[in-house]
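Q: Following is a predicted model, sequence given first.
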Amino acid sequence: MPFLKATFGNPSRSSQLEGQSKKCGARATVFSINGDQYTGEWLDNKKHGRGTQVWKKSGHIYNGEWKFGNRDGYGAFSVLQWSTMTYAKKYCGEWKNGMKHGHGIYFYKSSSVYEGQWSENQRSGWGRMLFHGGDVYEGEWAEDKEHGFGVRHYVNGNRYEGSWRDGAKDGNGKLYYADKAQRYEGLWVRGEPKCGILEDLGEPAKHPIPQNKLTDMQKVLQEAELAHLY
């Protein structure tokens, strides 16, 4: 009876070739079929670690951390401005599963800037937004809109402090009128004041407060509260 020698521990030629073909560790620039290029670290044929990706069609570039093929960790994303052939930074911050997630700064085309928390590509949590016109909002966000408590400083000097809902003043809040030296405090519904108190802050007031002519203040308040619930 012939004796067969055991071959345990000796991988086949095909297995060796397969192992050698897998990208793992730091590599030189690798080009995809569509022309995209990546330079950086790999793990089991996936971008993993630090690396730079350049998209051929758009010219956009990402430089930062990767995890199992997705942007994950800290990194910066920039867009190519074809008119000047220069790069403009769009987002710098944390990523998760290829999306903006965590703390980061985003630069808008209108020159507005947001710095704060993100969740799955949306502003969510605490953040500060500098708007193109000069207004500044600092407070809570949810699903990419002002939502929760926040303060907005208007370019004309006015300031609102209070509750927001879906991007509008909604709930209890105070609006300070810089030019009138007055303050309105009360209930807001979808950006509109519904029931509250307007008082002078300066002496004397530049614009006297008109006499209240509401016949049933309690009814107005109840209607505003119902509108706020729905």
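A: Received the coordinates, thanks.

Q: Is residue 57 located within a helix, as I assumed?
A: No. Using DSSP: H, G, I helix; E, B strand; the rest coil, the assignment for residue 57 is coil, not a helix.

Q: what sits against it?
A: Residues near residue 57 by Cβ atoms under 8 Å, 6 or more residues apart in numbering: 34, 35. To be clear about C-beta, it is placed using only N, CA and C from the backbone, and glycine gets the same treatment.

Q: low-scoring stretches of this protein, by residue?
A: 1-22, 203-230 (pLDDT under 70).

Q: show me where it has helices.
A: 13-21, 217-229 (DSSP state H).

Q: Is residue 73 bridged to anything, and to what?
A: residue 95 (DSSP bridges).

Q: just checking, it touches residue 64?
A: Yes. Counting by Cβ atoms under 8 Å, residue 73 touches residue 64, with 6.4 Å between them.

Q: Now for these two: what residues contact both?
A: In contact with both residue 73 and residue 64: residue 95, using Cβ under 8 Å, 6+ apart.

Q: Between those two, point out the one with more neighbours.
A: In this view residue 73 and residue 64 are compared by other Cβ atoms under 10 Å, and residue 64 has more residues nearby, 20 against 15.

Q: Beta-bridge partners for the more buried one, please?
A: Beta-bridge partners, per DSSP bridges, of residue 64: residue 51, residue 75.

Q: Also residue 199?
A: With DSSP bridges as the rule, residue 199 is bridged to residue 183.

Q: list the contacts for residue 106?
A: Contacts of residue 106 (Cβ under 8 Å, 6+ apart): 90, 91, 93, 100, 113, 114, 115.

Q: burial count for residue 194?
A: So residue 194, with other Cβ under 10 Å, has 16 neighbours.

Q: Revised request: answer the last question for residue 82.
A: By other Cβ under 10 Å, neighbour count at residue 82 equals 9.

Q: Check whether it really touches residue 88, as I assumed.
A: No. With contacts counted by Cβ under 8 Å, residue 82 stays clear of residue 88, the gap being 11.1 Å.

Q: Against residue 166, how distant is residue 143?
A: 8 Å (Cβ to Cβ, to the nearest Å).

Q: Enumerate the positions of stretch 37-44 that are buried.
A: 38, 40, 41, 42, 43 (16 or more other Cβ atoms under 10 Å).

Q: how near is the fourth one to residue 144?
A: Which is residue 42. From residue 42 over to residue 144 (counting by Cβ to Cβ), the distance is 34 Å.

Q: What count of nearby residues applies to the nearest residue to residue 52 once chain neighbours are set aside?
A: Once flanking residues are discounted, residue 52 sits nearest to residue 63: 4.6 Å by Cβ to Cβ, 6 or more residues apart in numbering. By other Cβ under 10 Å, the residues close to residue 63 number 16.

Q: OK, contacts around residue 63?
A: Residue 63 neighbours (Cβ under 8 Å, 6+ apart): 51, 52, 75, 76, 78.
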